[in-house]
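Chemist: Fold the stuff below for me.
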Amino acid sequence: MENEELQQARTNPEFLAYLDTREKEVIEDKNIAGLYEVLDTLLVLDLDHSRINKVYEEILKVSFDNIEQRLQNDKKLDINTDDIYFIRSFYEHAIEKWSVLDFKGAKELFFILTQIVEDSKLVDAFNIHLLSCSKKLDMDTFYDKKVIHDHTDSEDRYGYFITHFQFDIEDYMKTNKELLEKEYKALEHLLK
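Modeler: Sure, this is the predicted structure:
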């Protein structure tokens, strides 16, 4: 959107009324796809940050409830369905923890993602994230030294996640196998 279009959307009373109504509906319905639609709109329009935080908190509540049920039912999340929004929210929360150097919290979330997501590309990426947190590598260093920056994924479903690295993933996983097993053992209590 152009700046002029953004300004028009920010000041259009009909659109803002629709957005208010939509926000209330998706919060009440606990509609994860709708919550992200509203959140993304609020972010693009750079509207009230407390409102953005409220929608994000709702996303986390809905996601944590859903993922808890999935863990209890031993049911995996499918990236090809609306489950992608649950995966995205958990991932964003893990990244948020990592960015403030909460390595333990980030590792726990990445570990849970490795256990509940049914997609080998994402599971490998989450394991790499978990290993980087285990090594207490801060987010900026990880991004600068490990991530391919100019790679765009041909599949939109991976667009929310860091999945391209400056090394061979299979070799990296083999080299760090013992550390990953140690982390899995230390974190397996989260699944009980």
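Chemist: how about the helices in the chain?
Modeler: Using DSSP state H, the helices of the chain run over 3-11, 13-29, 32-45, 49-73, 83-99, 103-116, 120-134, 139-146, 169-175, 177-187.
Chemist: Going by mean pLDDT, which of the ones you listed comes out lowest?
Modeler: Ranked by mean pLDDT, the helices of the chain end with helix 3-11 at the bottom, a mean of 78.
Chemist: quick one: that helix to helix 32-45, angle?
Modeler: If you take axes from the mean of the first three to the mean of the last three CA atoms, to 10 degrees, helix 3-11 sits at 120 degrees to helix 32-45.
Chemist: which residues sit against helix 3-11?
Modeler: Contacts to helix 3-11, defined as CB atoms under 8 Å, 6 or more residues apart in numbering, come from residues 1, 15, 16, 44, 45, 46, 47. Glycine gets a C-beta too; all of them are placed from N, C-alpha and C.
Chemist: Which residue is the nearest non-sequential neighbour of the residue nearest to the spatial centre of the chain?
Modeler: For the chain, the residue nearest the mean C-alpha position is residue 91 (2.5 Å; CA atoms, centre = their mean). Computed as CB to CB, 6 or more residues apart in numbering, the closest residue to residue 91 that is not its neighbour in sequence is residue 161, at 6.0 Å.
Chemist: Look at that neighbour and say how many residues are nearby.
Modeler: By other CB atoms under 10 Å, 22 other residues sit near residue 161.
Chemist: what separates it from residue 95, distance-wise?
Modeler: Counting by CB to CB, to the nearest Å, the gap from residue 161 to residue 95 is 9 Å.
Chemist: again, but for residue 182
Modeler: Residue 182 sits 23 Å away from residue 95, going by CB to CB.
Chemist: If you count surrounding residues, which of these two has more?
Modeler: The neighbour comparison of residue 182 against residue 95 (other CB under 10 Å) goes to residue 95, with 16 against 12.
Chemist: ok, now which ones touch the more buried one?
Modeler: 106, 139.
Chemist: Okay, domains of the chain per the record?
Modeler: As given by automatic domain parsing, the domain ranges for the chain are 1-75, 78-192.
Chemist: among those domains, which is the most enclosed?
Modeler: domain 78-192 (a mean of 16; mean count of other CB atoms under 10 Å).
Chemist: and that domain, how far from the chain's centre?
Modeler: 10 Å (CA atoms, centre = their mean, to the nearest Å).
Chemist: Just the terminal-to-terminal distance for that domain.
Modeler: Domain 78-192 has an end-to-end distance of 22 Å (CA to CA, to the nearest Å).
Chemist: mind starting the numbering at 732 from now?
Modeler: Sure, I'll start numbering at 732, so the last one becomes domain 809-923.
Chemist: For residue 914, which non-adjacent residue is closest in space?
Modeler: With CB to CB, 6+ apart as the criterion, residue 914 has its nearest non-adjacent residue at 5.3 Å, and that residue is residue 865.
Chemist: pretty sure the one you found contacts residue 912?
Modeler: No - Residue 865 is beyond contact range of residue 912, at 11.3 Å (criterion: CB atoms under 8 Å).
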